[in-house]
Every structure is written in structure tokens, then in C-alpha cells.
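**Q** Any chance you could fold what I've pasted below:
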Amino acid sequence: MSGFPQLGLARIASRLRSSQALLAAITCGIALTGVAVALSSNSTASAASSPWSVQSIPSVSGNTPNAQFEDVSCPTIAFCMAVGRYVGTDAIQRTLAEEWTGGRWHIVSSASPSGAQASGLGSVSCVSATACEAVGSSGGLSAGSQTLLAERWNGKAWALVPIQTPGSTTLEAVSCTTSSACVTVGFRTAADAISQAVAERWNGHQWLIITPARPLKSTDLDGVSCPAARSCYAVGGQATSTIAAGHPLVEHWNGSSWTTQRIVSPTGAAELSAISCPRAATCTAVGSAGTANTRMLVEDLARGKWTEGLPSAPRLAEPGMYAVSCSAPRVCTALVSYIGSGEVLTWATAFRGATGGFKVGAPVPNAAFDTGAAVSCRPVSCEVVGALNSSDGQGDPSGSGTTAAWRGSHNHFTRQSTLNPAGTAGGSLTGVSCVASGFCAATDSVTIDSVPAGAVSVLDRAAGSGQWSAPPNQGSGFLASISCTSASFCLALGSPAGAETWDGSTWSELTAPDAFIPNSGGLQAVTCLSDTDCVAVGSTLMGLKAHALVATWDGSTWTTSTPALPAGSVNSLLAGVSCTSATNCVAAGSYTTTAGGTYHALVETWDGTTWTIASPSMRVDGFDHVSVSCATASACMVTWGAFGEALADWWNGSIWTATTFPGPTAHVDARWVYGVSCTSATFCTAVGGFLYPNASGPLVDTWNGTTWTAAALPATVGVAEFNAVSCTTGTACTAVGDDQRLLDVPFAEARS
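**A** Residues are numbered from 1 along each chain as shown. Here you go, the predicted model:
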């Protein structure tokens, strides 16, 4: 049976992305920090040629909000439209739109292209309650697979409209003066990595490219405001190269062409982020200036001349202003981020009347990373939209949160009630155990450090070709390991009580010694011969000086004991165990001879009376999974795995032999094995993942008694890996893990 992480749960080098990274092409300034790549055609065989098939997995974390507003437009005091994105229960990101009417927010139907894994709306502009235009992006998980997205609102629903995509383009803002006159701006990344400003106009029938002036080699446009049908002002930044200091850029479109506006440029680097023009030729643009953007920057247009302002930022405020909306000349509300210890904490409004300067209000009193994304003002009040933070149970701005809106004026805003589509916080299946009838149970990890109340702990499947479901269970928790002996008995470790048991209809909590705590110790792996004979292994909870631990379950009582400890060991733990009889068990883990020193492999055998250290030492630094599977007393496989690590020892009854895992091609740079299951001396299946420059995906290797061979697998949606596998015969196996899209999505494959 497989043991779960004991050195930390590093997930595939942050799973080729940050934990909550979203797409750079979704226009709110959130950049993709990694690349999610699908399996290439030569990395694995097609589903038709593979004996493995993907099985459907229900949501395991419960329906939790997972949404974010990106922009808002209020053409009247009684109507606002907010747009953004949400991640549904299937982990597909879709567009989101809500309207403010009748004193409350309502979700309205928005369009997402069929088959797209990630769609979102980043900017919106409305001229009335029945005429809005929104832009964003849609496509695959990598920025290079995204195309531009445009939609129209007719007062009842949003509908897709075609829009051109010149190269790798991101649209940052849109502004409309009539239902047939809109301009959107952004930038595209050229082949030499130079940013080039882009713009398109809507004529009521189609979007047409209108190339900006682009005065310097590197340009981008981040904001646009059109006070008239044939007059638009766009702002952003420009530089002579990708490494030169940037300067503010203002361009004007007169209905036929763009020209660069002459403005006062502050000393040092500077850029403009947003602009609002309440009247013809009367605008206010905001941004940041100075070394490392240490000052707030304001540029005002009046009587044909731009004037510069550099208001000071209050203590703890991030200097730049990133959004602005003016209800009258110079009467503007902008948004400012507040920082602390180098991290964005929350946001505040900055208000300026007709004759004064911007005054920054108190930051919104909430937890870290709450976000005010955009602001739209009418003469009486303004609307701010964004998202709330996950640390207070209400989400965050990177995709796992709740929508939020505030209404007010000057610097006094009140939180409004908004709606959130059903979503999922994702999850990962971490362990699996199957019996001959085809019944399987799999454990779920929603999160490492905490588990939401009522979150599903386990899934089960009645037969090999049946559906997975979430049965009733009394407890929920991070379940580290599971072992089933029949369709009416399973024991899983890791719930708050220490363990859970299955009786054929429900899961119930069972008090167990040294409950598993991620990254800290406790019982980590279990194997059962019957409902009255189970062996669990782990480590004592002693911080830097933990010692290997064994506990046995006789159906009513747990008994703990200390296994053999390597000579000179300071720390030791066992994280995998497998028994073929009451007189034969093999357990594996690691030990060190100095605090914080090198980890060496540890294997022990049980003869019914005594634990004996059984294998020579080998270095296993960095591993976070251990798995042990014995088909007989003379056929056992032990694996240690981490990202890029796949180590194994095979026991043939006489000696332990190191084995080597191949990847799906000869050019695999990294492979890792997290779980193994053996049914005979000539058949084992090991699972994990692989990575090489052009592809990544789940790894399945099969053992014939002498060598490992990579198996053909059907393609997955995102970056997938397996955490565990359970085989009942040489042709019946079930592997479980997760498929990384925008979230970890539990999935399973079966071979029969």
C-alpha cells in the first residue's frame, strides 16, 4: 500500500505553474507563471490503442465559489454590468457576467466558446442597460493557446461576436460611445519578445484592427476612454527596448488614425494604467512614476493641454493608481493597492473633487489579497468590483474566491451582496485500494493544511466499470492511505480522529494513535489482511527527532510498537507497508544519522515476531512518496518518488535489487513514481508522472519480473499525474491522481 508525503507536498515543481496562476491573456494583469502543456502525439499512444481508460470522477470538495469580477460599467445610476470569470465544478473556467438592477446583483447568461478550457472577460463598456461590449480571451491553458474573445449584451443575454487576434494578443480595456462605436486596446508580444500596442474598433457589425502610432520600439496600451464616437484616448507605456526605462504613452484616435499626444513625462520610469474622459477633450489618466514606481502619477487633459501631477502615496499604500473613473471633469475616483511586508494586502479608493487633489481613503478592512479590480462612477455614486480573499473563507483574486462589489462615493463605500456560480476548489485523489469484485475506494486531498467542513474524504466504485460516487461519511480530512479487504471493509488513515472505516454503506471516524498530520508525522500508510488484522506505519510526532512507528488494529484496539531503528539514526520514519500474511510484512521509509542530514532508504521486514532492517542504505533525498507492494513473501517492490525521482528495490526472496523506470520516450528529462501495486512475481504496475521539453503527463510502468516497461495511456486534458494504483489481477488495475487544469481535478483510469 502506498504511503503519503513525509517531507512536504511539493507538487511537480509547483505543477509547472504557481498555485493559483491564471492566464496572461485574461485582462486583469494576472500573469501565467508557468506553462500547462498537453501530451504530445508521440508521448503516448491514443486512447484507442491503450488498455487504460479514463473514468469520470465527481466533485470531491463540494460546491464552493470560485469567481472573480474583472471590470464594471455603469451607464446609469440604476444599472451596472460587471464581468469576469469563474471556475465551475468541472474545473473549466468560463465567462461571468452580473447586472445591477432593482437594487441588487443578478447573474446573467454569458457566452463561453465550446471546448475552451479557460475563458474570461476582462473589460466591459455599456452605453445603456441594453447595449454593452465586453472583451477577454478564451482557449487552452497556456497563454499561447488563447485567442481573443468579444461579446455583446442586448439587455437579455450575451452573445459571441467575431474579433480578430493579431498574434499573441491581450486586450486590456474597451470603451464605447454608442452601440456601434467602441474601441479596445491592449498589446501583442512579437517574436522578439517586444511588446507592441494593438487596438480594434467596433462598427456595429464587426471588429476591425486600427494600428496605434507606436512611437517607440516597445509599446503597450492598458486603458482607453472614448468621449465621442470618433475620439478616443488610450494610455499605457513605451520604451526603446525591453530593458530600457519606460515612459508614459498617450495616443488619440480621431476616427481614422492614431497620433501620439505630447505630455509632461516625469523623471525616471513611469507608466499610465487607466484613463477616464467624462467630456470631449477632458480626461484624467493615472499610473505610477519614479524608480520602482514609487510615486502616484496623474495626467490631466484640459483645453488641449496635458498637465502632470505626482501626489504622494500614504504610508503602506502601493504608490501607483491602477483604475480611475470620472463623473465630471477632475471629479474622479481611483483605486490604490495597500502593501505590507512586500505583499499586496488590500485596496483603497482615492477621490478628487473639481478643485482639489487626490486623497487616499482608508484601506478596505479585510484579510490579505482582497481585490478591488475596477471602478465605474456616475454623478451620485461609484461601483467597485473585485473579489474577496480565501484566508477569510471567501476566496481570492486568483480564481478561488467569491465575487465582491462595493457602492459609495468619495472615499466611503459599502459592501454589496453579489452572487457566485457553483464552483469547485478542486482536489486530488491520493490513495486507492481495490478488491477482486471490482470495488475500489479512493482517498481525497482537498488541501494540505486544512479541510473544509463537510468536504468529501473518500470516493468509492462498486464495480470495475461502474461510476465513482461520494458515499455518506461522518468525518472529513486529509486521508493519507487506504486499504480494503472487501466491498464491506476498508480502513483509511488521516482523518481528524486518526482513521475512518467503511462498512459497505457509510464511512465512520475511528480513533487512532498518532493521527497523520501533513509534514509533521503520525501514521501514514496502512495495509489490511482482514477487518481484524491491519498494520499501519508512520512516525512519532516529535518534530526534528521523529522515530519510526508501527500500529496494529485487531478490529477493536490499536497497539503501537517501535520497529527496528538503524544504527546511529537520529530521525526515522516508515511511510509504506504491505503484508501478505500475519508473518510477512515489508515496510519502507527513510532515516538520517544527523539532524537535517541526508535521507537514506529504510526497508524493514516482519516475521510475525520481530522487525528486521533488510536493505542496504541508498540516498533518497527529496522524495515525498513511498509505496510498498508484496504479491508473495518472495515478490515485493518498494518505491521512493519525488519530482524527477523514481527509485525502487525489488525483493525476489533472496536479495534486494535496484530497478530502473523508463519514460514513455527515450527523451524524457524527468520521471517520478508515487505508487506501486504487484499481483505476482511477474506483474507490478507503478504510477507517477513524466516531463520533457514538449510534453508531460501521467506515467504508468509495468514490471515483468525483470524490467519495467512504459505503458500507453490515453491523453488527459491538462498536466496530469497519478498518486496511487491498485491491481487485483495482471489485467485489472485502477490508478488515481489529478489532472491540472486551472485547478487540481481528481481523476482515475482503469485497466481491465
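
**Q** And stretch 711-726, what's buried?
**A** Using 16 or more other CB atoms under 10 Å as the test for burial, stretch 711-726 gives 711, 713-726. To be clear about C-beta, it is placed using only N, CA and C from the backbone, and glycine gets the same treatment.

**Q** So which of those residues is the closest to D503?
**A** Proximity to D503 was ranked across these by CB to CB; first place goes to S726, at 19.7 Å.

**Q** so what's that closest one up against?
**A** 432-434, 440, 677, 733-734 (CB atoms under 8 Å, 6 or more residues apart in numbering).

**Q** quick revisit: point out the ones among the buried residues of stretch 711-726 that are inside strands.
**A** Among those, the members falling in strands (DSSP state E) are 719-726.

**Q** if we can go back for a sec, selection in PyMOL covering whichever of the contacts of S726 are buried, please.
**A** Typed into PyMOL, the line below selects the buried ones among the contacts of S726, using 16+ other CB under 10 Å:
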select buried, resi 432+433+434+440+677+733+734
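
**Q** on contacts alone, who are the packing partners of the one helix or strand A499 maps to?
**A** Per DSSP states H and E, A499 falls inside strand 498-502. For strand 498-502, the elements it packs on are strand 458-461, strand 489-493, strand 507-511, strand 522-530, judged by 3 or more CB pairs under 8 Å, 6 or more residues apart in numbering; DSSP states H and E.

**Q** how close does G401 sit to S218?
**A** Plainly put, G401 is 33 Å away from S218 if you go by CB to CB, to the nearest Å.

**Q** Following the chain past the lowest-mean-pLDDT helix or strand in the chain, name the next helix or strand.
**A** Of all helical and strand segments in the chain, the minimum by mean pLDDT, DSSP states H and E falls on helix 12-15, at a mean of 28. Using DSSP H and E, the next helix or strand after helix 12-15 towards the C-terminus is strand 52-55.

**Q** How about residues contacting that following strand?
**A** Residues outside strand 52-55 that contact it (CB under 8 Å, 6+ apart): 47, 461, 468, 700, 711-714, 716, 734-735, 747-751.

**Q** For that strand, buried residues please.
**A** 52, 54-55.

**Q** what comes up buried for stretch 500-509?
**A** Using 16+ other CB under 10 Å, the residues of stretch 500-509 that count as buried are 500-502, 507, 509.

**Q** quick one: which two of those are the most distant?
**A** W502 and E509 (11.6 Å).

**Q** Parallel or antiparallel, list what pairs with the host helix or strand of P248.
**A** According to DSSP H and E, P248 maps onto strand 247-253. Looking at strand 247-253 with DSSP bridges, its partner strands are strand 231-239 (antiparallel), strand 258-260 (antiparallel).

**Q** Could you work out which of those strands reaches nearest to T665?
**A** Go through the strands paired with strand 247-253 one by one with CB to CB and the one that ends up closest to T665 is strand 231-239, at 41.9 Å.

**Q** Alpha carbons of that closest one, as PDB, please.
**A** Only the C-alpha atoms of strand 231-239 are listed here, as PDB (Å, rounded to 0.1, in the frame of the first residue of the first chain):
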ATOM      1  CA  SER A 231     -12.500  60.500 -30.400                       C
ATOM      2  CA  CYS A 232     -10.700  58.000 -28.100                       C
ATOM      3  CA  TYR A 233      -7.700  58.400 -25.800                       C
ATOM      4  CA  ALA A 234      -5.600  55.400 -24.900                       C
ATOM      5  CA  VAL A 235      -2.800  55.200 -22.300                       C
ATOM      6  CA  GLY A 236       0.000  52.800 -21.400                       C
ATOM      7  CA  GLY A 237       3.800  52.800 -21.600                       C
ATOM      8  CA  GLN A 238       6.600  52.900 -24.100                       C
ATOM      9  CA  ALA A 239      10.400  52.200 -24.200                       C
END
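
**Q** so A720 bridges to which residues?
**A** Assessed by DSSP bridges, A720 has beta-bridge partners D739.

**Q** no no, C132
**A** Where C132 sits in a bridge, its partners, by DSSP bridges, are C126, W153.

**Q** how much space between it and S417?
**A** According to CB to CB, C132 stands 22 Å off from S417.

**Q** So those two - more neighbours on which side?
**A** Per other CB atoms under 10 Å, whichever of C132 and S417 has more neighbours is C132, with 27 against 9.

**Q** which residues sit in contact with that one?
**A** In this structure, C132 makes contact with 73, 81, 124-126, 152-153, 176, judged by CB under 8 Å, 6+ apart.

**Q** The helix or strand encompassing V535 to strand 498-502, inter-axis angle?
**A** Applying DSSP H and E as the criterion places V535 in strand 533-539. For strand 533-539 and strand 498-502, the angle between their directions (axes from the mean of the first three to the mean of the last three CA atoms, to 10 degrees) works out to 150 degrees.

**Q** what's the helix or strand just after strand 533-539 packed up against?
**A** Past strand 533-539, heading to the C-terminal end, the next element that is a helix or strand (DSSP H and E) is strand 548-553. For strand 548-553, the helices and strands in contact under the criterion 3+ CB pairs under 8 Å, 6+ apart are strand 522-530, strand 533-539, strand 558-561, strand 571-581, strand 584-592.

**Q** Adding mean pLDDT and mean neighbour count, write those out as CSV.
**A** Rendered in CSV, the data for those read as follows (pLDDT from 0 to 100; neighbours: other CB atoms under 10 Å):
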stretch, mean pLDDT, mean neighbour count
strand 522-530, 94, 24
strand 533-539, 95, 27
strand 558-561, 92, 13
strand 571-581, 94, 25
strand 584-592, 94, 26
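
**Q** Name whatever forms a beta bridge with the residue nearest to G622 when sequence neighbours are not counted.
**A** Once flanking residues are discounted, G622 sits nearest to A642: 4.7 Å by CB to CB, 6 or more residues apart in numbering. Partner residues in beta bridges with A642: E645, with DSSP bridges as the criterion.

**Q** can you count the residues close to H547?
**A** Quick note: H547 (other CB under 10 Å) scores 18 neighbours.

**Q** Which pLDDT value belongs to it?
**A** pLDDT for H547: 89.

**Q** Quick check: buried residues in stretch 406-414?
**A** Using 16+ other CB under 10 Å as the burial criterion, the residues of stretch 406-414 that qualify are 406-409, 413.

**Q** Could you identify which of the contacts of C132 has the most neighbours?
**A** For the contacts of C132, the largest neighbour count, defined by other CB under 10 Å, is 29 neighbours, found at V124.

**Q** So that residue is in contact with A131, correct?
**A** No. Shown here, V124 and A131 do not form a contact pair, counting by CB atoms under 8 Å, at 11.4 Å.

**Q** sorry, back to before: just the ones in helices from the contacts of strand 52-55, please.
**A** Using DSSP state H, the subset of the contacts of strand 52-55 located in helices is empty.

**Q** and H600, what are its bridge partners?
**A** With beta bridges defined as DSSP bridges, H600 has these partners: Y591, R619.

**Q** Just give me the neighbour total for it.
**A** The burial metric for H600, expressed as a neighbour count using other CB under 10 Å, is 19.

**Q** about what we covered before: tell me which entries of the buried residues of stretch 406-414 lie within strands.
**A** Per DSSP E, the subset of the buried residues of stretch 406-414 in strands is 406-409, 413.

**Q** so how far is stretch 407-417 from its chain's centroid?
**A** Stretch 407-417 has its average C-alpha position 31 Å from the chain's average C-alpha position, going by CA atoms, centre = their mean, to the nearest Å.
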